[in-house]
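Peer 1: Next come a sequence and a model predicted from it.
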Amino acid sequence: MSIGGKAPKAGEVFYNPEMGKVLRSLGKHGAKDGFYDAFPGKAIVDTVQKHGGFMEMEDLTTHFSTFPDPIKATYRGVDLW
């Protein structure tokens, strides 16, 4: 997301209210229900369908992750999750 068509500069305050809504949904409903079974999942399905895809909400709500634990890598002494 950009600010007035440009990337934010270092130290510039950047607001992303849509991301805030997603994070609140995750906090309120948990990771799976707050994302896949809420408005973020609906937005994904709507976008896929808008571009000719066949995804349905059921595809997201019934999905079972093959990665039950977070994926982690260490780069230059920093853990990346």
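Peer 2: Sure, I can see it.
Peer 1: in this structure, which helix or strand is least confident?
Peer 2: Lowest mean confidence among the helices and strands of the chain (mean pLDDT, DSSP states H and E): helix 31-35, at a mean of 87.
Peer 1: Remind me what that one packs against, helices and strands.
Peer 2: Under the contact criterion of 3 or more C-beta pairs under 8 Å, 6 or more residues apart in numbering; DSSP states H and E, helix 31-35 touches helix 17-29. Yep, even glycine has a C-beta here, placed from its N, CA and C like the rest.
Peer 1: neighbouring contacts of the helix it packs on?
Peer 2: 34, 35, 37, 38, 39, 40 (C-beta atoms under 8 Å, 6 or more residues apart in numbering).
Peer 1: next SSE after the least confident helix or strand of the chain?
Peer 2: helix 39-50 (DSSP states H and E).
Peer 1: which of the residues in that next one are buried?
Peer 2: Neighbour counts over helix 39-50 (16 or more other C-beta atoms under 10 Å) mark 40, 41, 44, 45 as buried.
Peer 1: relative orientation of it and helix 17-29 in degrees?
Peer 2: 120 degrees (axes from the mean of the first three to the mean of the last three C-alpha atoms, to 10 degrees).
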